[in-house]
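K.L.:
Curious how this folds, go ahead:
(3 chains)
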Amino acid sequence: MAKESRYWLVKTEPDCFSIQDLAKAPKRTTCWSGVRNYQARNFMRDDMKLGDQVLIYHSSCNPPAVVGVAKVSREAYPDHTSWDPNDDHFDPQSTKENPRWFMVDLQLERIFKEPIPLDRLRKIPALKDMELLRRGSRLSVQPVRKAEFETIEQIAEG
DNA sequence: GCCAACGTTGGC
DNA sequence: GCCAACGTTGGC
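P.N.:
Next comes the predicted model:
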């Protein structure tokens, strides 16, 4: 499924980096650094392609919600924050010769007029199999099915 | 390769 | 702040 996915969802804590921060970034673009989970890394490194659409999700906030859409503007390259001893995401086992962690660049497409909160997503039958809604789901980069993406877009457009 | 201990995520 | 669920680590 991941191999064919052209739609994704990434989580971010808005206290740390929000979609509004992305809107203010140069070229409305950011490198998605700091992912330190192998499954999430593999999706970024192996499967995310230029132009793929990415739902932005705000987590650890009230309410947690899907807040907008970005697109992949650069495919995977090594996450340099893993080499910086002063960075929170430093990993001494990642080297420039053999990088362990990767990231993509994301460019903002649009911010939803109304964020779609988690409890609302849970009530939508078409989304019942979303990874995000799975009990205990913690993946910070995850594939989204086309139909799920389109359902969310329709809701966001009112 | 098993699994207990530990650390992290993230909703509530 | 709590805690369930999950991922990683490391001893054996």
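K.L.:
what's next to the lengthiest helix in chain A, contact-wise?
P.N.:
If you go by DSSP state H, chain A has its longest helix at helix A:146-156. Residues outside helix A:146-156 that contact it (CB atoms under 8 Å, 6 or more residues apart in numbering) are A:6-7, A:53, A:55, A:66, A:69, A:112-114, A:116, A:120-121, A:124, A:126-127, A:129-130. Bear in mind the C-beta positions are built from the backbone N, C-alpha and C, glycine included.
K.L.:
Around DNA strand B, pick out the residues from chain A.
P.N.:
A:11, A:13, A:36, A:59-62, A:64, A:118-119, A:138-140 (CB under 7 Å from any atom of the strand).
K.L.:
near DNA strand C, which of those residues show up?
P.N.:
A:138, A:139.
K.L.:
Could you pick out the buried ones from the contacts of helix A:146-156?
P.N.:
A:6, A:7, A:53, A:55, A:66, A:69, A:112, A:116, A:121, A:127, A:130 (16 or more other CB atoms under 10 Å).
K.L.:
Which residues are in contact with residue A:6?
P.N.:
By CB under 8 Å, 6+ apart, the contact list for residue A:6 reads A:49, A:51, A:52, A:53, A:146.
K.L.:
Just give me the closest of these to DNA strand C.
P.N.:
Of all the contacts of residue A:6, residue A:52 has the smallest distance to DNA strand C: 22.1 Å, by CB to the nearest atom of the strand.
K.L.:
Look up the pLDDT of the closest one for me, please.
P.N.:
Looking at residue A:52, its pLDDT reads 98.
K.L.:
you'd agree it is up against residue A:10?
P.N.:
No. Using CB atoms under 8 Å as the test, residue A:52 is too far from residue A:10 to be in contact (11.0 Å).
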